[in-house]
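Chemist: Curious how this folds, go ahead:
(one chain, ligands or ions: 2)
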Amino acid sequence: MRLGVNIDHIATLREARKTTEPDPVKGALIAIEAGADQITLHLREDRRHIQDEDLFRLKCELKDTNIPINLEMAPTYEMQNIALEALPNNVTLVPEKRQEITTEGGLDVVSMLDYLKDFIKPIKQQGITVSLFIDPDFKQIDASVEIGADAIEIHTGEYANAYGKNVEKELERIKKAAKYAKEKGLKVYAGHGLTYQNVSEIAKIKEIEELNIGHSIISNAIFLGLYEAVRRMKEIILNARKELKSE
Ligand SMILES: CC(=O)[C@@H](O)[C@H](O)COP(=O)(O)O
Ligand SMILES: NCC(=O)COP(=O)(O)O
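Modeler: Ligands and ions are numbered 1, 2, ... in the order given. Below you'll find the predicted structure:
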């Protein structure tokens, strides 16, 4: 299983003072040393954290490595132009609302079918893998297949925010969605709100091959340091996968 480390919230701290540190690109290099298999960053329309130049600097820093860049972005033509200039390895389309604190739900692919079918064509033509950040919903999975996405990233936010008996209910939704998506030929990823405490159950879902995790790692990095915060997350994920193999 691959770990994508999302560096957004290194940039959140930098943007608190509109200064130059902490540098998210430096954070990406440390995360890679600690075991990150991918660097994820979300270039939001409101530029609340990641800036355009972070993406281009990261591209430059990683050009001689085999570490992929996963650019999260809203399905807008502003972002499409930036993606076609920066040429990340992967693009993940996510919904954005200006007033949201963080991503609130999955992309509604069903209601944007024709738009997204055309929108992703020039991106895929550049050899960029296209993933859609969606809720664990079969209709959204079918629509993802229909528009020609390569992958889905299952939104684990409801699971992460659940408590009591709802945790099991949300976990079951994710398990069923992962199995269904895999059967439909999609690559299956997951992310949002994953922590040291809740990640193992998601990592044990064999159809899921990649997790993208940010806020919790960066939060823990304040006390552990970034290298250890990433290393620990990767260790928990790999140990959970070992349990899966032994079952
Ligand atoms: C799509 C998703 O769940 C996150 O990757 C996204 O980046 C969240 O947005 P913030 O990083 O701005 O919280
Ligand atoms: N797509 C999920 C991601 O990149 C990180 O989400 P979070 O761990 O910051 O909630």
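Chemist: Going by C-alpha atoms from here, please, whenever you check contacts or count neighbours.
Modeler: OK.
Chemist: give me the element the residue positioned nearest the centre of the chain is part of.
Modeler: In the chain, the C-alpha closest to the average C-alpha coordinate belongs to N212, at a distance of 4.0 Å (CA atoms, centre = their mean). Under the criterion of DSSP states H and E, N212 resides in strand 210-213.
Chemist: residues making contact with that strand?
Modeler: Contacts to strand 210-213, defined as CA atoms under 8 Å, 6 or more residues apart in numbering, come from residues 1-6, 40, 188-195, 203.
Chemist: Averaged pLDDT, stretch 89-103. What do you get?
Modeler: Throughout stretch 89-103, pLDDT has a mean value of 90.
Chemist: got it, and stretch 171-186?
Modeler: Taken as a whole, stretch 171-186 carries a mean pLDDT of 98.
Chemist: for it, the distance to its chain's centre please.
Modeler: For stretch 171-186, the distance from its own C-alpha centre to the chain's C-alpha centre is 17 Å (CA atoms, centre = their mean, to the nearest Å).
Chemist: same question, stretch 82-102
Modeler: On the basis of CA atoms, centre = their mean, the separation between the geometric centre of stretch 82-102 and that of its chain is 10 Å.
Chemist: anything in that stretch sitting right up against ligand 1?
Modeler: Yes - applying CA under 6 Å from any ligand atom, one finds stretch 82-102 touching ligand 1 at 94, 102.
Chemist: Need the distance between the two termini of stretch 127-144.
Modeler: From the first residue to the last, stretch 127-144 extends over 18 Å; the measure is CA to CA, to the nearest Å.
Chemist: contacts for that stretch?
Modeler: Here stretch 127-144 makes contact (CA under 8 Å, 6+ apart) with 87-95, 105-110, 113, 120, 123-124, 149-156, 173-174, 176-178, 180-181, 184.
Chemist: of all the contacts of strand 210-213, which two lie farthest apart?
Modeler: Of all pairs drawn from the contacts of strand 210-213, the widest gap by CA to CA lies between V188 and T195 and measures 19.0 Å.
Chemist: Would you mind telling me which of the two has the busier surroundings?
Modeler: More crowded of V188 and T195, by other CA atoms under 10 Å: V188, with 24 against 18.
Chemist: Kindly provide the distance from the more buried one to D150.
Modeler: Following CA to CA, the distance that separates V188 from D150 is 9 Å.
Chemist: likewise T103?
Modeler: Between T103 and D150 the distance, using CA to CA, works out to 21 Å.
Chemist: same question, G27
Modeler: For G27, the distance to D150 (CA to CA) stands at 28 Å.
Chemist: What lies in contact with the helix ranked longest in the chain?
Modeler: Among the segments of the chain that qualify as a helix by DSSP state H, the longest is helix 226-246. Contacts of helix 226-246 from elsewhere in the structure, counted by CA under 8 Å, 6+ apart, are 1, 3, 5, 27, 30-31, 33-36, 195-196, 199-201, 203-206, 217-218, 220-221.
Chemist: Contacts only, for I50.
Modeler: Applying CA under 8 Å, 6+ apart, one finds that I50 lies in contact with 8, 11-12, 41-44.
Chemist: What parts of the protein come near ligand 2?
Modeler: So far as CA under 6 Å from any ligand atom goes, the chain lies against ligand 2 at 6, 40, 191-194, 212-216.
Chemist: make it 5 Å
Modeler: 6, 191-193, 212-215 (CA under 5 Å from any ligand atom).
Chemist: By neighbours, which of those wins?
Modeler: Counting by other CA under 10 Å, top hit in the residues of the chain next to ligand 2: N6 with 29 neighbours.
Chemist: quick one: that residue and L194 touch, right?
Modeler: No - contact criterion CA atoms under 8 Å: N6 and L194 do not qualify, at 11.5 Å.
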